[in-house]
Structure formats: C-alpha cells, structure tokens
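Trainee: Here is a sequence with its predicted model. Questions after.
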Amino acid sequence: MEPLLTSDQMRAVDRTAIEQIGIPDLVLVEHAALAVSGALKARFGRALSITKGVVLAGPGNNGADALATVRLLHEQGCQDIFVVLIDERGSAQLSPLAATQLGILGKLGIPTGTKLTPEILAVSGWVIDGIFGTGLKRDLSGKSLETVQMVNGFSGKKWILSIDIPSGLNSDTGKPMGDAVRANETVTLGFMKRGLVTAQGADFVGQVHLAPIQIPRLVPFPVDSFLYTREDVSRLPFRKKSSHKGDFGHVWVMAGIDEKQGASILSSLGALKSGAGLVTLLGEKTSLEKIQPRLPAEVMTDSFSSEFFKGKPKGSLILGPGLGLDRYDLVKNALGSKWPLVLDADALTLIGENEKECEGLLRKRESIPTVMTPHPKEASRLLGCSTEEIELDRFAAIKKLSEKYRCLIVLKGKGTCIRGPQGPTFIVTQGDSGLAKGGSGDLLSGILGSLLVQNLTLQQAVLLSVYLHGRASELLTQKTGTARASLPSEIAEELTMALKELES
C-alpha cells in the first residue's frame, strides 16, 4: 500500500535522502522537473511546443521545481512561456535551490516577471502552479492569494497543473488555507500526502500522479496512514465449485420503522449483491407484512424475539438503517451479544446519546468484529464536537473515534477513512458524487455485513466493502454519463461489474 505522509514526515524523508543517502538536492529538483514536464507533454503531446503557458514559481523549493521545469520545456521547444515569481518578500528571500534555478534561467536568457494578469492567462493554454508546496502553514494572503484567485478564475478553461500539492491546500488535512489552486492535475513528489486524498482536497487536486523522483522508498519512521487501491485488493472470498449457500454466510438485517423501510431493503440488497449466501430481514410481524412486497424475492423474513441475541451467532447483524430513535434496547442488547455487528445510522445516534454505557459495552466486545459507519455529522455526535471539526482533520477524528469506541470505524465521505483502535488509518478514494444520496450508506452497510461472514479478516472485509461500494458508483456514472441521477439501488446492480473487475 502507498504510504500517506504528513508535511513533517516528507521533510524527514527528504533529509534522509539528501544528508544520509547522499542524493544531491539538485538531482531531486531535476527529477521533479522531468516529472512535471513529462506530465504536461502527456497532456498536450506534439502540440505542446506550439502552446503558450504560464509558470508560477514561489520562493521555496516548490518554486525551484517550477523554474527547473521552465528550462526543460524550453529545451523541448516551448518558447512561449511567461514565468512569474510570486514572492512578496523579494528575490533576496528565495530558497537556495530557487535562487540557483533562477540564476540558471538568467544565464540562458529566459526572462521572468513578477506580475500576473488576467490577460496573460487568457491567451495561455496551460498553467503550472509552483507557488507553495507542503511546507505552507498559514492562510494565503496578499499577492499569493490574489494570484491563486486569479488562476482559479480560469479553472475549467485552462489546464492547471500543480507541483506536489495545489498551492494553498493543507498537505496534512486537505483543507484550503484561505483558498487553494483548483488544479486539473497534481504531480506529487516522492510520496503521497494525506491532504491529497480526503476531505476538501478532492475538489482541488484533479488527477493525482505520484512521481518518486529518485527518492528511495525508505521511510525512517513508523507510518500510520496508507492509500488503499485496486492493486491492494488481496483476494476476493474464495468459492469452491461445490459450494452451497451455507458457505457464504448469513446476513441478518434489523427492519426499521414503517416510514424508513427503504433503508433496510437497501441493506438487504447490498448483502445479496456482494455475495452473501442468505439474507434475512428481522422485525415485528406487522411491519414485515408491510415490507414484504417491496423486498427482493431472495430476502427471507423472520419475526424478532429477545432470544435472538442469546447463544451462538448465526452470521452478522446490520443494525441502524431506518431503525428509529426509540429502540436503544436493541442497540444495548446487540452490543452485549457476541454477534458480529455493522452499526449505522440510528444505531450511531443512540450510541452517542448513551455514550458512557455504550463505550463500556464496546470495550467488552473488542475481540468481536464490530464496524461503525458514521458520516461526518454522526461522527460529530459521537465525539461531541461540530461537523466542521470532523472535516477539519479527518485523520485526527477517526483516530479519536476508534480509540474511544474500540472498534473499526468507517468515516464516510470523499476519501473514506477506515481505522481500528490500534491503527493504521486507510484511505479509499473510490467513489464519486453519485454516492451523495440518501440510501447509499444503507447499501454500504449491507456490503459490510456480507463480507464480514465470507472468510476474510475484519480489515480485509471492510476495506474491500468500501472499495466495491465506491467503484460500483463510478461504474454507474461511466455507464450513464452522469452521477447526478444515480440511485443506490442502481449502484447495487453495478456491484456485479465491480466484482468482475477484481476477478479478471
């Protein structure tokens, strides 16, 4: 899996490469410039040499990479490049690397300026953003903020490529600091950074490509966060040719109140489409009679009794979708049982309202597979803070959640975060805005309940579930051409193709 580093960790890696391994920093700059110029060439092909472009260089090492890129582009025939130094403090404050690269351009007769205008951007085909890198710790202001906002005025009209991270984006959290460049593409250097893959970062980074730039894959410290991708899917649950339905687990879904029947139906559908051998909807007899006509024919029903939580579990239980907020008794009994649990929606609200008792119950069942799947608002209730605080640093939020409730947490949102109480944190970026619709979380709960009983470890089951859920939404968008009209029930149908991709 690809490590996700903080800005401090990336600096430590750079120091190790330069000071201990002995790779000159100018070599790293050269390879960064090769990666950036190569990405631009991949975008424009043979037409690159006849395009006009703008290169924005800041005073630090990110600016050095941008200035070195200008030289490489000139060597490749790109003569119409407007180079702008974005440095409010004057060239005397340039980093040694940036000053070296600026001096090289001067000796080659390549001019640079200090003022960007909308007119220059209007006649250019592309922009390279090398203003700030991962070291930015303050909100943008003055000339840098004005420049970023001017560039963003051409977002969607010009190809904007950011070096390492879009200028203004917090490298650790993905939060824009005042504002940030809205890039079409980001070429990140050495290792992936946390802020590129979750929270608001997704709205700024565009396509992300990792350029190792000759930095050895040696990390001189423990890494606590990783990116989970298609290549990391270790295996799908094995299926013998002689298998029968009992080999693929039994998922039980607790039916909700009459007004929210659709939630438990979607959970049941998710469990079926992700390979569960048996799915049973539990509830009161009268409620089941009402819901029966809407259920997939393959879903069984059974009347719920208090005896359900006693004895040996017969599969996994999904509790929360459409449950209603007057059934804390069910949540309490479930937490006190030995059943593998997927806790979502109303179950999470009830846990937050009965925080101390539920914390104790969850600690007692720490060895039993338990997954909580909050979205940011539910997470804020569970931690007693605001939704804004959750989104400000999703890595910190999920660490607090997992340590407090002693179970595996799935913090939903773009760049879904997954973490158990001992760590590490995994990020799954699959998924698009088609998932931003009521019911998609219920579908995910069904997939989770299914894979929990299909001979995978808890971590494998949860990572694969989140990946499949997101990938199915992407496939539906590819199929229809838009994410706007996606329905969770339609996303469920695309689980077939998401699974097929992993089998090929």
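Mentor: That came in fine, so what should we check first?

Trainee: Pull out the buried residues from the worst-scoring helix or strand of the chain on mean pLDDT.
Mentor: Taking mean pLDDT, DSSP states H and E as the measure, the helix or strand of the chain with the lowest value is helix 285-291, at a mean of 91. Going by neighbour count (16 or more other C-beta atoms under 10 Å), the buried part of helix 285-291 is 287, 288, 291. From N, CA and C alone the C-beta is placed, and that goes for glycine too.

Trainee: List the buried residues for stretch 353-367?
Mentor: Residues of stretch 353-367 classed as buried: 358, 361, 362, 365 (neighbour count, 16+ other C-beta under 10 Å).

Trainee: The residues you listed in helices, which ones?
Mentor: With helices taken from DSSP state H, the overlap with the buried residues of stretch 353-367 comprises 358, 361, 362.

Trainee: could I get the buried residues of helix 285-291 as CSV with distance to residue 387?
Mentor: As requested, the buried residues of helix 285-291 are arranged in CSV below (distance: C-beta to C-beta, whole Å):
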residue, distance to residue 387
287, 32
288, 35
291, 32
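
Trainee: per-residue confidence averaged over stretch 329-338?
Mentor: Predicted confidence along stretch 329-338 averages 97 (mean pLDDT).

Trainee: re earlier: between the ones in helices among the buried residues of stretch 353-367, which is nearest residue 229?
Mentor: Sorting these by distance to residue 229 puts residue 362 at the head of the list, at 30.2 Å, by C-beta to C-beta.

Trainee: Residue 379 versus that closest one, what's the distance?
Mentor: Applying C-beta to C-beta, to the nearest Å, one obtains 15 Å for the distance of residue 362 from residue 379.

Trainee: Could you report the neighbour count for residue 205?
Mentor: Here the count is done by other C-beta atoms under 10 Å, and residue 205 has 25 residues near it.

Trainee: Repeat that for the one 5 residues further on.
Mentor: Residues within reach of residue 210, counting by other C-beta under 10 Å, total 17.

Trainee: Now do the end-to-end distance for stretch 113-125.
Mentor: Stretch 113-125 stretches 18 Å from its first residue to its last (C-alpha to C-alpha, to the nearest Å).

Trainee: What residues sit buried inside it?
Mentor: Residues of stretch 113-125 classed as buried under the neighbour-count rule (16+ other C-beta under 10 Å) are 116, 120, 121, 124, 125.

Trainee: before we move on, back to that, tell me what the least confident helix or strand of the chain is packed against?
Mentor: Contact analysis of helix 285-291 by 3 or more C-beta pairs under 8 Å, 6 or more residues apart in numbering; DSSP states H and E lists helix 261-273, strand 278-283, strand 300-303 as its packing neighbours.

Trainee: Next, the angle helix 261-273 makes with the second one.
Mentor: If I follow you right, that is strand 278-283. What separates the directions of strand 278-283 and helix 261-273 is an angle of 160 degrees, with axes from the mean of the first three to the mean of the last three C-alpha atoms, to 10 degrees.

Trainee: which outside residues touch strand 278-283?
Mentor: Outside of strand 278-283, the residues that reach it under the criterion C-beta atoms under 8 Å, 6 or more residues apart in numbering are 245-246, 248-255, 264, 268, 271-272, 288, 291, 295, 298-304, 308, 315.

Trainee: swap the cut-off to 7 Å and go again
Mentor: Outside strand 278-283, the residues that touch it by C-beta atoms under 7 Å, 6 or more residues apart in numbering are 245, 250-255, 264, 268, 271-272, 288, 295, 298-302, 304.

Trainee: Give me the average confidence score over that strand.
Mentor: Per-residue pLDDT values across strand 278-283 average out to 96.

Trainee: Distance from it to the middle of the chain?
Mentor: Mean-position distance between strand 278-283 and its chain equals 32 Å (C-alpha atoms, centre = their mean, to the nearest Å).

Trainee: in its sheet, what does that strand sit against?
Mentor: Using DSSP bridges, the strands paired with strand 278-283 are strand 250-254 (parallel), strand 300-303 (parallel).

Trainee: Now do the phi/psi pair for the residue lying closest to residue 256 once chain neighbours are set aside.
Mentor: Nearest residue to residue 256, sequence neighbours excluded (C-beta to C-beta, 6 or more residues apart in numbering): residue 322, at 2.4 Å. Here is the backbone geometry of residue 322 (degrees, to the nearest 10): phi 70, psi 10.

Trainee: on that earlier part again, most tightly packed of the strands paired with strand 278-283?
Mentor: strand 250-254 (a mean of 27; mean count of other C-beta atoms under 10 Å).

Trainee: Residues in contact with that one: which ones?
Mentor: The list of residues contacting strand 250-254 from outside it, by C-beta under 7 Å, 6+ apart, reads 264, 267-268, 271, 276-283, 314-319, 323, 330, 449-450, 453.

Trainee: ok, now how distant is the nearest residue to residue 290 once chain neighbours are set aside from residue 308?
Mentor: Taking C-beta to C-beta, 6+ apart as the measure, residue 290 lies nearest to residue 258, with 6.2 Å between them; neighbours along the chain are not counted. Residue 258 is 21 Å from residue 308, where distance means C-beta to C-beta.

Trainee: Comparing the two, which residue is more hemmed in?
Mentor: The residue with more neighbours, out of residue 258 and residue 308 and counting by other C-beta under 10 Å, is residue 308; that gives 20 against 14.

Trainee: Distance to residue 415 and pLDDT added to the buried residues of stretch 353-367, as CSV?
Mentor: Shown next, in CSV, are those (distance: C-beta to C-beta, whole Å; pLDDT from 0 to 100):
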residue, distance to residue 415, pLDDT
358, 27, 98
361, 30, 98
362, 25, 97
365, 29, 95
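
Trainee: and which of the residues you listed is nearest to residue 57?
Mentor: Each of the buried residues of stretch 353-367 was scored against residue 57 by C-beta to C-beta, and residue 362 proved nearest at 51.5 Å.

Trainee: wait, doesn't that closest one sit right on residue 335?
Mentor: Yes: between residue 362 and residue 335 there is a contact under C-beta atoms under 7 Å: 6.2 Å.

Trainee: Could you find the closest non-adjacent residue to the residue nearest the centre of the chain?
Mentor: To find the centre residue of the chain, average its C-alpha atoms and take the closest one (C-alpha atoms, centre = their mean): that gives residue 415, at 1.5 Å. Residue nearest to residue 415 in three dimensions, not counting chain neighbours: residue 198, with 2.8 Å by C-beta to C-beta, 6+ apart.

Trainee: ranges for the strands of the stretch 101-250 of the chain?
Mentor: Taking DSSP state E, counting those that start in this stretch, the strands of the stretch 101-250 of the chain run over residues 126-130, 159-163, 185-189, 192-193, 207-211, 225-228, 250-254.

Trainee: What strands flank the fourth one, and is each parallel or antiparallel?
Mentor: Yep, that's strand 192-193 we're talking about. The strands that strand 192-193 pairs with in its sheet are strand 2-5 (parallel) (by DSSP bridges).

Trainee: quick one: contacts of the strand it pairs with?
Mentor: Looking at strand 2-5 with C-beta under 7 Å, 6+ apart, the contacting residues turn out to be 13, 191, 192, 193, 194, 197, 219, 223, 225, 226, 227, 427.

Trainee: Let's see that with 8 Å instead.
Mentor: By C-beta under 8 Å, 6+ apart, the surrounding residues in contact with strand 2-5 are 13, 191-194, 197, 210, 219, 223, 225-227, 229, 427.

Trainee: Any idea how many residues pack against the residue nearest to residue 420 when sequence neighbours are not counted?
Mentor: Once flanking residues are discounted, residue 420 sits nearest to residue 408: 4.6 Å by C-beta to C-beta, 6+ apart. Neighbour count of residue 408, defined by other C-beta under 10 Å: 22.
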